[in-house]
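Asks: only geometry, no sequence info:
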């Protein structure tokens with residue numbers, strides 16, 4: 001018969017081993033050191049994402065804020081490695097919040113998690129250096145991939161966001177080629 005103390009010891013060892021395995025997935029990032037912040041004005045989304053993140057084993061500690069201003073206030077008091085940021089919020093929207101976070105907390109990784117699929121906004125944020133961009137309907141597996149990529153120093157964008165960015169880059173290259181071609185004479189173009 002296993003005693004209660006033995007059961008607790010087995011649970012502790014399983015949890016320790018699980019964290020050790022997670023630490024090997026995130027080289028240079030110790031899972032115990034990851035502290036996240038979810039910023040969304042919708043209570044259900046905010047609390048639901050917090051539960052998913054804490055269940056994921058990537059993030060042992062997660063706080064929430066209902067707008068960008070409250071998020072900035074929390075960031076002044078606590079060290080966050082990772083922020084999940086909605087774009088459409090009252091008081092201080094996500095874009096303004098992101099620029100404040102980049103200026104005052106440059107080491108913090110920021111992933112946009114929003115319904116906003118406005119091309120102009122996506123391009124602006126990717127150009128500004130956002131670490132990741134996910135749509136609200138993202139599945140849990142993709143959310144975990146994004147967390148792992150971003151905590152390892154990479155960028156992560158869903159296929160829809162990549163498509164918008166790739167289209168923008170393609171248009172810019174076409175514009176540049178047209179501009180340079182307009183500078184060349186007919187003879188120079190033939191050569």
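Replies: Nice, I can see it. Note that this is a predicted model, so its numbers are computed, not measured.

Asks: I'd like the average pLDDT over the strand or helix carrying residue 113.
Replies: Following DSSP states H and E, one finds residue 113 within strand 109-114. Average pLDDT, strand 109-114: 90.

Asks: after it comes which helix or strand?
Replies: For strand 109-114, the following helix or strand on the C-terminal side (DSSP H and E) is helix 119-128.

Asks: and that next one, what other elements does it pack with?
Replies: Other helices and strands packing on helix 119-128, by 3 or more C-beta pairs under 8 Å, 6 or more residues apart in numbering; DSSP states H and E, are helix 94-104, strand 132-135, helix 159-183. Bear in mind the C-beta positions are built from the backbone N, C-alpha and C, glycine included.

Asks: mind redoing it with 10 Å?
Replies: Contacts defined by 3 or more C-beta pairs under 10 Å, 6 or more residues apart in numbering; DSSP states H and E place helix 119-128 against helix 94-104, strand 109-114, strand 132-135, helix 159-183.

Asks: what's the first-to-last distance across stretch 51-63?
Replies: One end of stretch 51-63 sits 10 Å from the other (C-alpha to C-alpha, to the nearest Å).

Asks: ok now it, how far from the chain's centre?
Replies: 14 Å (C-alpha atoms, centre = their mean, to the nearest Å).

Asks: same check on stretch 107-115?
Replies: The answer for stretch 107-115 is 4 Å, by C-alpha atoms, centre = their mean.

Asks: likewise stretch 139-147?
Replies: With C-alpha atoms, centre = their mean as the basis, stretch 139-147 stands 10 Å off its chain's centre.

Asks: can you give me the buried ones in that stretch?
Replies: 143, 144, 145, 146, 147 (16 or more other C-beta atoms under 10 Å).
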